[in-house]
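Chemist: Any chance you can model this:
(4 chains)
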2 protein chains.
Amino acid sequence: MTQPQTKYRSRCSIARTLDVLGDKWTLLVVRDLMWHGKHTFQELQASEEHIAANLLSERLKRLMALGLVAREAYQDRPVRYRYALTEEGRSLEALLLQIMGWGHAHLGGGLYDPQTGRTVAEAD
Amino acid sequence: MTQPQTKYRSRCSIARTLDVLGDKWTLLVVRDLMWHGKHTFQELQASEEHIAANLLSERLKRLMALGLVAREAYQDRPVRYRYALTEEGRSLEALLLQIMGWGHAHLGGGLYDPQTGRTVAEAD
DNA sequence: GCGACTCACTTTCAAAATTAAAGTGACTAT
DNA sequence: ATAGTCACTTTAATTTTGAAAGTGAGTCGC
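Modeler: Next up is the predicted model:
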């Protein structure tokens, strides 16, 4: 549970969620961390949607500030980081599944099965 | 099922859904149409988040183009419209509930109960 | 008839966000 | 020494947004 109301547009939970996750990139980063084993900056950047480096950098900072993502250095000299979802970040899985289900049914996108790691229904 | 009329960034259902709904306003319009009995342009514009008229106009056009919202004239001279979700638009309810649930649990927003039309848990 | 008002927008324009590209700094490999 | 990797940051052009004002068709009060 994060802090005060002043940082949000309203007290509506949907508006608040959109305040922090409502853009075209944030949830794709979460998707990659959640399911696709992408944990370094360059792995995240290499996803097929091609997020710009400055946006990835900014989104990771926001997700860390929200406590949804944490990073740890996996190497010094030079320091290199590994990003991972926190437990709170993993709580977004149901939301991601819901979004995926809707997009599959209504926009013809693929349907990924986190159990098997496979896309079980092809996209148009 | 909407056809590949639009071109999407990728075949990922999440990316596609974000392509069409991934911004700070679209789902608030859907929320108001779904649950709050707001059906005219001015009713939608009067919500507490205060969407700008140009954005509301553009979002309604997009939602209509997607087949999620339809409008009918409820008056001629001058023509005035009533906007409503289509059946496909109503399919977004589960997604809205999921987003609301997450926002309530993690950002402290209110929790609305569509059954009773009441907010059952207050926001911070 | 005249002015004030309503509704559903559209236009305007500055500010903010996104995009693509190039640049930086610390290193490693040849 | 030169080239390459990684994790970013910076820069500059383009796009989107946000706030305000404007428009057009009509109604209402006097």
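
Chemist: center of chain A, which residue is that?
Modeler: In chain A, the centroid-proximal residue (C-alpha atoms, centre = their mean) is residue A:30; its distance is 1.5 Å.

Chemist: Wait, that residue touches residue A:63, no?
Modeler: Yes: taking C-beta atoms under 8 Å as the definition, residue A:30 is a contact partner of residue A:63 at 7.3 Å. The C-beta positions use only the backbone N, C-alpha and C, and glycine is treated the same way.

Chemist: before we move on, back to that, in what helix or strand does the residue nearest to the centre of chain A lie?
Modeler: With elements delineated by DSSP states H and E, residue A:30 resides in helix A:26-35, which encompasses its position.

Chemist: can that helix be found next to DNA strand D?
Modeler: No: figure legend: helix A:26-35 not in contact with DNA strand D (C-beta under 7 Å from any atom of the strand); closest approach 12.4 Å.

Chemist: helices or strands next to that helix in the packing?
Modeler: helix A:41-45, helix A:53-65, strand A:69-75, strand A:80-85, helix A:87-90, helix A:93-107, helix B:13-21 (3 or more C-beta pairs under 8 Å, 6 or more residues apart in numbering or on different chains; DSSP states H and E).

Chemist: Which stretch among the ones you listed is buried most, on average?
Modeler: Each of those was given a mean neighbour count from mean count of other C-beta atoms under 10 Å in any protein chain shown, and the largest, a mean of 25, is that of helix B:13-21.

Chemist: mind listing what the closest residue to residue A:32 other than its chain neighbours touches?
Modeler: Nearest residue to residue A:32, sequence neighbours excluded (C-beta to C-beta, 6 or more residues apart in numbering or on different chains): residue A:38, at 4.1 Å. With contacts defined as C-beta atoms under 8 Å, 6 or more residues apart in numbering or on different chains, residue A:38 is in contact with A:32, A:44, A:46, A:47.

Chemist: Now the residue of chain A most remote from its centre: phi and psi?
Modeler: For chain A, the C-alpha lying farthest from the average C-alpha position belongs to residue A:77; by C-alpha atoms, centre = their mean, that distance is 28.2 Å. Main-chain dihedrals, residue A:77, degrees, to the nearest 10: phi 50, psi 70.

Chemist: rewinding a little: tell me the buried residues within the contacts of residue A:38.
Modeler: If you count burial by 16 or more other C-beta atoms under 10 Å in any protein chain shown, the buried members of the contacts of residue A:38 come out as A:32, A:44, A:47.

Chemist: For the second one, which non-adjacent residue is closest in space?
Modeler: Translated: residue A:44. For residue A:44, the nearest residue in space outside its immediate sequence neighbours is residue A:38; the separation is 5.1 Å by C-beta to C-beta, 6+ apart.

Chemist: ok but that neighbour is inside a helix, no?
Modeler: No: using DSSP: H, G, I helix; E, B strand; the rest coil, the secondary structure at residue A:38 is coil, not a helix.

Chemist: Relative to DNA strand C, how far out is it?
Modeler: 18 Å (C-beta to the nearest atom of the strand, to the nearest Å).

Chemist: Same question for residue A:75.
Modeler: Distance from residue A:75 to DNA strand C, counting by C-beta to the nearest atom of the strand: 9 Å.
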